[in-house]
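**Q** generate a structure from the sequence data that follows.
(2 chains)
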Amino acid sequence: MSIRLTDIAKHYGHAGKGSPGQAGGRALEPVSLEVAKGELVGLLGPSGSGKTTLLRIIAGLESPDRDPAGRILFGDRDVTDVHVRDRRIGFVFQHYALFRHMTVFDNVAFGLTVLPRRERPSSGEIRARVHRLLEMVQLEHFAGRYPAQLSGGQQQRVSLARALALRPDVLLLDEPFGALDAKVRQELRRWLRQLHDELGFTSLFVTHDQEEALELSDRVAVMSHGRIEQIDTPDALYRTPANRFVFEFLGDVNHLEGEVRGGTLTCGEAKLVVDLPDGHQELLLRPHEVRLAEAPTPEAQLPVTVTAISPVGAEVRIEVAADWLVEPWLATVRHADYERLALTRGQRLYAIPRHWHRFSAEGTRQRQAITA
Amino acid sequence: MQRIGDAPAVRRALITAAVLLAALFLLLPLAAIFAQAFSQGVGVFWHNISDRYTLAAIGLTLFIAVLTIPICLVFGVALAWLVTRFDFPGRRLLQTLIDIPFAVSPVVAGLIYLLLYGRNGWIGGWLDAHDIQLMFAWPGILMVTVFVTSPFVARELIPLMQAQGSREEEAAVTLGAPGWTIFRRVTLPNIRWALLYGVVLTNARAVGEFGAVSVVSGAIRGQTMTLPLHLEQLYQDYNAVGAFASAALLALIALFTLAAKAGLEWRTARQEVTP
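**A** Prediction:
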């Protein structure tokens, strides 16, 4: 079932429970969002960006502002004024929120046992359904355990089975893997994606982890300050960010700030030939867009010193600093180049940009290749 | 490395002092009560206990406690629920107001009730015109007892419910559970031990309350005398054995309450290890 939001806004009153510093402020600017049937969409943003508030409003755990009067539609059903318990959603909490005094079995069965008598399946049927769900989350041998006797990953799987017991059309997940360690997180991510594709529900999940959002989602909505900055496929977000916030939030960024005069940007002893009008300019570069070399080129004279080397992973991450840099730059080089250059800490090199990006005050983006 | 006060001599001195003080101020008076009560034999003790007025006082005390507990239970749960699950203007003020019965001297509380509901009081005049008597009768005793004991349950529940948060209840509501079902199947099982503990404390205070009750009771023998008031009266009448017999009864109730409390604490501690 598709989810359609129009103009959903939220501001907290004087007794605001929101993040500190935004009491009485706006948690959500009017937000519109569409999630297609069977789609898995991630809400990504730093803390305080309003992503959890948005998710809780969709669930019905919080109510949106009356003015502007936003609407929430599940398929053709307008659920704006429908109580949580009648919205037919599955909700997964960051800290699992399992009923601590009930066994795993009773936790999963809860939704079925509280159905009105005429809709409630027989106890035999409930038992069969719960066991099927526990099999699906690979916890069939843990039915008699209590939540406190399970690991975090197992608890989150129970909480997923519990949310799916009523076969909801919409599954909402609030930082589902936030409290787990990296390896379990990776495993659960893959498993959730499989489950989603198998069962075909519509999912919306909140995360502050870029990697998780980009890896798991069909589309990602990047949020900041209560607004959706951009919603797109992971690939499109990375390649064509709509604005500077999205660009900076999705991955590491190096900054180069300086005065342009006659086609050359100068910043201390650093010089770079650019095709820009005169004036103050700020350029942004991804780590993989920075090459390190032993000699400068006519276009780029950016002397730097290696301050840290991290050879773990597919590429070697090199941190470089210089007097003309406010913050150190990060460059990634291939292992072969790393060995060829025989990099050591303290070595003096030249950074040579392959590309750079610039966002104008109006928010338009410019990407330019350096032609050597 | 040695911790502070870990020298054998210091340790021995501290333990001796603690044991001595406990014996002097706690055990000795308790023993004295029973010694005095039985000083002229079991027969006299029994005679005093089965006295018509004493029986009436025991009956009234238990009656008041039995009525007070459910009232405080409902009030305390509702208050704790309100304060921990909702955010509204004045929430902090309300949390402070809960403690008023602890802060105010019970005698003052009794006097205020007398002032309000007595025959010449603000509300009492109207009540009198409608032939309703609250003061110098059991309803008055019940009112001040509820006032004095009302914070116990809420005070036990609020920190616990704050620590537990409302996530489990939110999970239950997303699963379609109606409000009453959520309370019965999710909230109540999580707070039941704290709730029982609050009831134990409420009971102890309701049975032993003297100051507030003495103001509003009117001390009519056989009618509005609770056990603590009766005890005082007996003592005033130079019936020491009678007074101590009643005191022994009160002490017994207190000991039972303590045992119940210890049992609950043991139970809770064990539950935390293996749920």
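**Q** please enumerate the helices of the stretch 151-300 of chain A.
**A** All helices of the stretch 151-300 of chain A, identified by DSSP state H, counting those that start in this stretch, fall at A:152-164, A:182-199, A:210-216, A:234-239, A:244-249.
**Q** what comes into contact with the last one?
**A** Among residues not part of helix A:244-249, those counted as contacts by CB atoms under 8 Å, 6 or more residues apart in numbering or on different chains are A:44-46, A:210, A:222, A:224, A:229-230, A:237, A:241, A:253, A:284, A:357, A:359, A:363, A:365. All C-beta atoms are positioned from the backbone trio N, CA, C, and that covers glycine.
**Q** by neighbours, which of those wins?
**A** Within these, most neighbours by other CB atoms under 10 Å in any protein chain shown means residue A:44, with 30 neighbours.
**Q** tell me the confidence at the closest residue to it other than its chain neighbours?
**A** Distances taken as CB to CB, 6 or more residues apart in numbering or on different chains put residue A:213 closest to residue A:44, at 4.0 Å, once the chain neighbours are dropped. On pLDDT, residue A:213 comes in at 92.
**Q** next, count neighbours for residue A:213.
**A** Neighbourhood size, residue A:213 [other CB under 10 Å]: 24.
**Q** ok, residue B:237 next?
**A** Count around residue B:237 with other CB under 10 Å applied: 10.
**Q** same check, this time on residue A:238
**A** Neighbours of residue A:238 under the rule other CB under 10 Å: 17.
**Q** contacts only, for residue B:15.
**A** By CB under 8 Å, 6+ apart, the contact set of residue B:15 is empty.
**Q** low-confidence ranges, the chain, go.
**A** I went with chain A, as the question did not name one. Across chain A, the ranges flagged by pLDDT under 70 are A:13-24, A:362-363, A:370-372.
**Q** actually chain B
**A** Using pLDDT under 70, the flagged stretches of chain B are B:1-2, B:5, B:271-275.
**Q** who in it is up against chain A?
**A** Within chain B, the positions near chain A by CB under 8 Å from any CB of the partner chain are B:87-89, B:91, B:167-168, B:170-178, B:181, B:185-186, B:189-190, B:275.
**Q** of those, grab the buried ones for ChimeraX.
**A** Buried subset of the residues of chain B next to chain A, written as a ChimeraX selection, criterion 16 or more other CB atoms under 10 Å in any protein chain shown:
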select /B:168,170,171,172,173,174,175,176,177,181,185,186,190
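**Q** report the separation between residue A:308 and chain B.
**A** Look at residue A:308 and chain B: by CB to the nearest CB, to the nearest Å, they are 40 Å apart.
**Q** angles on the backbone of that residue, please.
**A** Dihedral pair for residue A:308: phi -160, psi 150, per degrees, to the nearest 10.
**Q** picking up where we left off before, now do the contacts for the residue nearest to residue A:44.
**A** For residue A:213, the contact set (CB under 8 Å, 6+ apart) comprises A:42, A:44, A:207, A:220, A:234.
**Q** now it: how far from residue A:58?
**A** From residue A:213 across to residue A:58, the span is 17 Å (CB to CB, to the nearest Å).
**Q** equivalent analysis for residue A:196, please.
**A** Applying CB to CB to residue A:196 and residue A:58 gives a distance of 17 Å.
**Q** again, but for residue A:258
**A** 45 Å.
**Q** what do you get for residue B:141?
**A** From residue B:141 to residue A:58 the distance is 54 Å (CB to CB).
**Q** for residue A:304, same thing?
**A** Applying CB to CB to residue A:304 and residue A:58 gives a distance of 47 Å.
**Q** and for residue B:219?
**A** According to CB to CB, residue B:219 and residue A:58 sit 64 Å apart.
**Q** what about the two, which has more around it?
**A** residue A:58 (25 against 15).
**Q** for residue 79, give me its contacts.
**A** Picked chain A for this. Counting by CB under 8 Å, 6+ apart, residue A:79 touches A:60, A:72, A:73, A:87.
**Q** my question was about chain B
**A** B:94, B:98, B:154.
**Q** could you export those as TSV, including distance to residue A:274, secondary structure and neighbour count?
**A** Converted to TSV, the contacts of residue B:79 look like this (distance: CB to CB, whole Å; DSSP: H, G, I helix; E, B strand; the rest coil; neighbours: other CB atoms under 10 Å in any protein chain shown):
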residue	distance to residue A:274	secondary structure	neighbour count
B:94	63	helix	12
B:98	68	coil	17
B:154	68	helix	24
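**Q** ok, so of these, who is nearest chain A?
**A** Distance to chain A, by CB to the nearest CB, is smallest for residue B:94 among the contacts of residue B:79, at 12.5 Å.
**Q** so the closest one sits against residue B:80, correct?
**A** No. Counting by CB atoms under 8 Å, no contact exists between residue B:94 and residue B:80, whose distance comes to 11.0 Å.
**Q** could the C-alpha coordinates of the helix or strand residue B:21 falls within be exported in PDB?
**A** Assigned by DSSP states H and E, residue B:21 belongs to helix B:8-22. Extracted in PDB, the C-alpha atoms of helix B:8-22 (Å, rounded to 0.1, in the frame of the first residue of the first chain):
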ATOM      1  CA  PRO B   8      40.100  -3.900  62.200                       C
ATOM      2  CA  ALA B   9      39.800  -1.600  65.300                       C
ATOM      3  CA  VAL B  10      37.700   1.000  63.400                       C
ATOM      4  CA  ARG B  11      35.500  -1.600  61.900                       C
ATOM      5  CA  ARG B  12      34.800  -3.300  65.200                       C
ATOM      6  CA  ALA B  13      34.000   0.000  66.900                       C
ATOM      7  CA  LEU B  14      31.600   1.000  64.100                       C
ATOM      8  CA  ILE B  15      29.800  -2.400  64.100                       C
ATOM      9  CA  THR B  16      29.500  -2.300  67.900                       C
ATOM     10  CA  ALA B  17      28.000   1.200  67.800                       C
ATOM     11  CA  ALA B  18      25.500   0.300  65.100                       C
ATOM     12  CA  VAL B  19      24.400  -2.900  67.000                       C
ATOM     13  CA  LEU B  20      24.200  -1.000  70.300                       C
ATOM     14  CA  LEU B  21      22.100   1.800  68.800                       C
ATOM     15  CA  ALA B  22      19.800  -0.600  67.000                       C
END
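**Q** just the angle for the helix or strand just after it relative to helix B:8-22, thanks.
**A** Counting by DSSP H and E, the element after helix B:8-22 in chain order, helix or strand, is helix B:28-37. If you take axes from the mean of the first three to the mean of the last three CA atoms, to 10 degrees, helix B:28-37 sits at 30 degrees to helix B:8-22.
**Q** buried ones in helix B:28-37?
**A** By 16+ other CB under 10 Å, the buried positions in helix B:28-37 come out as B:33, B:34, B:36, B:37.
**Q** and the closest residue to residue A:173 other than its chain neighbours, how far from residue A:192?
**A** Excluding the flanking residues, the one nearest residue A:173 by CB to CB, 6+ apart is residue A:205, at 3.8 Å. Separation of residue A:205 from residue A:192 (CB to CB): 8 Å.
**Q** swap in residue B:197?
**A** Counting by CB to CB, the separation of residue B:197 from residue A:192 is 42 Å.
**Q** any idea how far residue A:251 is from residue B:65?
**A** Separation of residue B:65 from residue A:251 (CB to CB): 68 Å.
**Q** neighbour-wise, which of those two wins?
**A** Ranked by neighbour count (other CB under 10 Å), residue B:65 and residue A:251 place residue B:65 first, with 22 against 14.
**Q** host element of that one?
**A** helix B:52-85.
**Q** identify each buried residue in that helix, please.
**A** By neighbour count on 16+ other CB under 10 Å, the buried set for helix B:52-85 is B:54, B:56-58, B:60-61, B:64-65, B:67-69, B:71-73, B:75-77, B:79-81, B:83-84.
**Q** tell me how many other residues surround residue A:270.
**A** Each residue near residue A:270 was counted by other CB under 10 Å, and the total is 21.
**Q** same question for residue B:119.
**A** Residue B:119 sits with 13 neighbouring residues when counted by other CB under 10 Å.
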